[in-house]
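> Next comes the sequence, and after it the predicted model I'd like to discuss.
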Amino acid sequence: MALPIVIHASQRPLPVSIKARGVRLDAALKRSILASARSALGRFSRRLRGVFVWIEDTNGPRDGSGIRCRIELALLPGGRLTVSAEAANEFAAVARCTDRAWELMDRHVKKRRHVRRRARVLRHKI
């Protein structure tokens, strides 16, 4: 099991765990993953317990270019959201996946905010 790397976002530290299968996880790729996670998910750090990133070669030993990145967001107080993306190389897959994670988390936060406001308005009308 990989130890989580902690990125310090704007509000609180955010643990990021990175695992790879069939892909060489070098320092440049780790830096890219951490920078993408910090920029895309940093504003949501107080709503996240952790970020888990998996990168794998979907073609295996065969020729071809198919890299899949999957990000799982562990939410506070509970729950999980998962996104994935495929691309020709690792860096493009990470970029697409973090963009999708940002969109999903933004939608999740807006939906919860709308439900809370609606409940508050309904309580005051009764």
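Sure thing, it's come through.

> quick check, Asn59 in a helix?
No - for Asn59, which was evaluated using DSSP: H, G, I helix; E, B strand; the rest coil, the result is coil, with no helix membership.

> Show me the shaky parts of the protein.
1-11, 63-64, 114-126 (pLDDT under 70).

> Show me the helices in it, by range?
According to DSSP state H, the chain carries its helices in the segments 27-41, 90-125.

> highest average neighbour count across the ones you listed?
Across the helices of the chain, averaging neighbours per residue (mean count of other C-beta atoms under 10 Å) puts helix 27-41 on top, at a mean of 17. From N, CA and C alone the C-beta is placed, and that goes for glycine too.

> which residues touch that one?
When contacts are taken as C-beta atoms under 8 Å, 6 or more residues apart in numbering, the neighbours of helix 27-41 outside the stretch itself are 5, 7, 9, 14, 16, 18, 20, 23, 48, 51, 53, 55, 73, 90-91, 94-95, 98-99, 101-102, 105.

> quick one on the thing from earlier: what would the helices of the chain look like in TSV with distance to Asn59?
Output for these, formatted as TSV (distance: least, C-beta to C-beta, whole Å):
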stretch	distance to Asn59
helix 27-41	18
helix 90-125	13
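
> Nearest to Val83, out of those helices?
Among the helices of the chain, helix 90-125 comes nearest to Val83, with 4.2 Å by C-beta to C-beta.

> Excluding sequence neighbours, find me the nearest residue to Thr82.
Counting by C-beta to C-beta, 6 or more residues apart in numbering, Glu72 is the residue found nearest to Thr82 once chain neighbours are left out, at 4.8 Å.

> What distance do you get for the one you found to Ile18?
Spatial separation of Glu72 from Ile18 under the definition C-beta to C-beta, to the nearest Å is 12 Å.

> out of the helices of the chain, nearest to Arg62?
helix 90-125 (17.3 Å).
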